[in-house]
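Trainee: Sequence and predicted structure below; questions after.
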Amino acid sequence: MIYRFFKNTFLFVLIITVSCGRSTGRVITEKSEKEQSVESPQDSLIYDQILVLGANRTEDYLPLLKNKKIGIVGNQSSLIKQLSSSSEANNYTHLVDSLVALKVNVVKVFAPEHGFRGTADAGESIKDGKDVITGLPIISLYGDNKKPKPEQLKDIELMIFDLQDVGTRFYTYISTLHYAMEACAENNIPLLLLDRPNPNGHYLDGPTLKMEHNSFVGMHPIPVVHGLTIGEYAQMINGEKWLKNGIQCKLQVIKMENYNHELAYDLPVKPSPNLPNAKAINLYPSLCFFEGTNVNAGRGTTKQFQVFGSPFLDMEIFKYSYTPISMDGAKSPKHINELCYGEDLSMHENLNSINLNWLIEAYNNTLNKEEFFNSFFTKLAGGTELQKQIESGMTSEEIKETWQKDLESFKVKRKAYLLYK
């Protein structure tokens, strides 16, 4: 009975509209087609189709979990959506909580950067512990233990991977994916990945990483914005033999239904503490470069990755100002308690490419150019070239032209791993 409830009710319904050259959407409760309605309807809104996430396709993967000891790589974004049987309200449940309720033998949870419940700062050390809701042991996959150890896997027969990625090279969930796949391959454990939309999946852009500069914020020779779902990315990791010694993981991807890369998707929960909404996620590929400079990118404010500023920027040019403070997810933000001058981009139109102009303008108008970049910038950029290009005075257009050959090459490689149009 419970199984049938999960099978028949975990659905996403999206309304699709064309905006800025891309489909945009919103989630509504499931009703009959005649009953569907949207607040403040616009003429451009049309009913399109039902999007079903990998995690929602329980009929496809629950049989695979039967009589097995299950490990889960997940966090607060590992949600499945159900429709209440008593009302029209939408309810979200955590994958772990749902599987435990279904008597699936979940024995351990592995948590990426920001922790299992997703409240830790970027880069903050996460300790192993116990989940307060289920009592399950939690193993941190951040800090010194980025890759599951054999002793941490010895009682696991199948690993589930369910994280909400945002489609950029320096977002560390795909690095966690790499290490989870590698550990599973080395210990002969199958990995079942529940696929989710890429909110930046509608374009490819940015410099391609040079492998001599690889790190946890960039492990593979891909552009900054790769245009793959996390399931497609897992297939690329396997297919390109990027795991240690070229080993391959026993990978199975539970695909989404009715997804395409142009489909906009509003996440029901923050994928990490400093990506609070769709605007921040859209701006993230452009503004994250500021993390490698002396410019604050909104951490310590309520507009994370929607504003940028620094005490060293020219207040005559940058009229917007704010003061970063300590808060959950940003306990010690850059320039804490200092007045920063910069720009508010929270109302900016959605991007279909990386915007370098903000980075270039900030560099050109900072008080001390020698202190603008730090060593982390090379890791984010995937090489030293971008910093040199900005310092030499190249325009955004000139810089982007140098990316094109690598981008075209990646597009060809990417096609072999696409699961969706």
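Mentor: Ah, there it is.

Trainee: how about the CA coordinates for the longest helix along the chain, as PDB?
Mentor: Scanning the chain for the helix with the most residues, using DSSP state H, yields helix 173-186. Taking C-alpha atoms only, helix 173-186 is exported to PDB below (Å, rounded to 0.1, in the frame of the first residue of the first chain):
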ATOM      1  CA  TYR A 173      29.100  18.000  -5.300                       C
ATOM      2  CA  ILE A 174      30.500  16.700  -8.600                       C
ATOM      3  CA  SER A 175      33.800  16.200  -6.900                       C
ATOM      4  CA  THR A 176      32.000  14.300  -4.200                       C
ATOM      5  CA  LEU A 177      30.500  12.200  -7.000                       C
ATOM      6  CA  HIS A 178      33.900  11.500  -8.400                       C
ATOM      7  CA  TYR A 179      35.200  10.200  -5.000                       C
ATOM      8  CA  ALA A 180      32.000   8.200  -4.300                       C
ATOM      9  CA  MET A 181      32.200   6.500  -7.700                       C
ATOM     10  CA  GLU A 182      35.900   5.800  -7.200                       C
ATOM     11  CA  ALA A 183      35.400   4.300  -3.800                       C
ATOM     12  CA  CYS A 184      32.500   2.200  -4.900                       C
ATOM     13  CA  ALA A 185      34.500   0.900  -7.900                       C
ATOM     14  CA  GLU A 186      37.400   0.000  -5.800                       C
END
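
Trainee: Buried residues, the helix or strand just after it. List them.
Mentor: Remark: after helix 173-186, the chain's next helix or strand is strand 191-194, criterion DSSP states H and E. Using 16 or more other Cβ atoms under 10 Å as the test for burial, strand 191-194 gives 191-194. C-beta here means a position set from N, CA and C on the backbone, and glycine is covered the same way.

Trainee: residues making contact with strand 191-194?
Mentor: With Cβ atoms under 8 Å, 6 or more residues apart in numbering as the test, strand 191-194 has contacts from 53-55, 61, 64, 95, 158-162, 177, 180-181, 184, 230-231, 234, 249-254.

Trainee: now these: which count as buried?
Mentor: Using 16+ other Cβ under 10 Å as the burial test, these include 53-55, 61, 95, 158-162, 177, 180-181, 184, 230-231, 234, 249, 251, 253-254 as buried.

Trainee: what ranges do the strands span in the stretch 301-421 of the chain?
Mentor: Listed in chain order, the strands of the stretch 301-421 of the chain (DSSP state E, counting those that start in this stretch) span 307-310, 320-322, 340-344.

Trainee: for those, which one sits closest to residue 285?
Mentor: strand 307-310 (13.7 Å; Cβ to Cβ).

Trainee: Tell me the helices and strands packed up against that closest one.
Mentor: For strand 307-310, the elements it packs on are strand 320-322, strand 340-344, helix 357-364, judged by 3 or more Cβ pairs under 8 Å, 6 or more residues apart in numbering; DSSP states H and E.

Trainee: Out of the ones you listed, which one sits most buried?
Mentor: Highest mean neighbour count of the helices and strands packed on strand 307-310: strand 340-344, a mean of 21 (counted as mean count of other Cβ atoms under 10 Å).
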